[in-house]
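Novice: mind looking at a prediction? Sequence and model below.
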Amino acid sequence: MTRVFLLDDHEVVRRGVRELLEAEDDLEVVGEASNAAEALTRIPVTHPDVAVLDVRLPDGDGIEVCREIRSEAPEVACLMLTSFADDEALLGAVIAGASGYVLKQIRGNDLVGSIRRVAKGESLLDPHLVALAKARLGRDEEDERLGRLSPQERRILDLIADGKTNREIAGALFLAEKTVKNYVSNLLVKLGMKRRTEAAVFAVRAGQHERPSFSGPE
């Protein structure tokens, strides 16, 4: 028996989906919610195998609910159900860990089949879209780490990626070599790295590596 939780702000939709699912011998609706707050309270205590989540809600959205639930209970498969084909929401669902994203115009038999598939651990998402989402996640993480660096540290990171030694960096930036060494140590700590080679590779991947122009000492 597959246990299903329903989240939708329209009672008519919830009732229709419940009746559809309960007509199946292997599906059981164990709970419902009409908003995000209710869902986050009820899903953990009802222990569903699949949570069918409406994307647009009066107090938030199903994508955030999916993110929270997947964080606390990764065994729950989340199937997003929406009236709108929204690329941004679809990408957000991938990032949040959803197993599928279907439109409410879907036929009843297809919805039942989708629930069964995600309950088995299958993904209904386009692999290309998943790859795009992972790439975006990586860029977001890289941007966050770059944001920890001061402008001077970012210049030094760029020169490290250019293969420059501390002495060459000192000459380019009109700094003492010992000062450059301190900058390098600090930026490695901020990036969570131990070697300047790691920093160089990171700079290239993050798009940080482009030769800056210098007009003189700061």
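Specialist: Yes, it's here.
Novice: centre-most residue in the protein?
Specialist: By Cα atoms, centre = their mean, the chain has its centre lying nearest to residue 95, at 3.0 Å.
Novice: so it is in which element?
Specialist: helix 87-96 (DSSP states H and E).
Novice: average pLDDT for that helix, rounded please.
Specialist: Averaging pLDDT along helix 87-96 gives 77.
Novice: packing partners of the helix or strand just after that helix?
Specialist: Scanning forward in sequence from helix 87-96 by DSSP H and E, the next helix or strand is strand 100-103. In terms of contacts (3 or more Cβ pairs under 8 Å, 6 or more residues apart in numbering; DSSP states H and E), strand 100-103 is packed against strand 77-82, helix 87-96, helix 108-119. In short, each C-beta sits where N, CA and C put it, glycine included.
Novice: most tightly surrounded among the ones you listed?
Specialist: Across these, the average number of neighbours (mean count of other Cβ atoms under 10 Å) peaks for strand 77-82, which reaches a mean of 26.
Novice: run me through the strand neighbours of that one, direction for each.
Specialist: Here strand 77-82 is paired, per DSSP bridges, with strand 50-54 (parallel), strand 100-103 (parallel).
Novice: neighbouring contacts of the shortest one?
Specialist: Contacts with strand 100-103, where a contact means Cβ atoms under 8 Å, 6 or more residues apart in numbering, come from 79-85, 89-90, 93-94, 110-111, 114, 117-118, 123-125.
Novice: try it again at 7 Å.
Specialist: 79-83, 85, 90, 93, 111, 114, 118, 123-125 (Cβ atoms under 7 Å, 6 or more residues apart in numbering).
Novice: mind listing what's buried along it?
Specialist: For strand 100-103, a neighbour-count test (16 or more other Cβ atoms under 10 Å) marks 100, 101, 102 as buried.
Novice: ok, of these, which one's closest to residue 144?
Specialist: Checking these against residue 144 with Cβ to Cβ, the nearest one is residue 101 at 26.0 Å.
Novice: from residue 5, how far off is the spatially closest residue to that closest one that is not a sequence neighbour?
Specialist: What sits nearest to residue 101 in space, not counting adjacent residues and going by Cβ to Cβ, 6 or more residues apart in numbering, is residue 80, at 4.4 Å. With distances taken as Cβ to Cβ, to the nearest Å, residue 80 is found 13 Å from residue 5.
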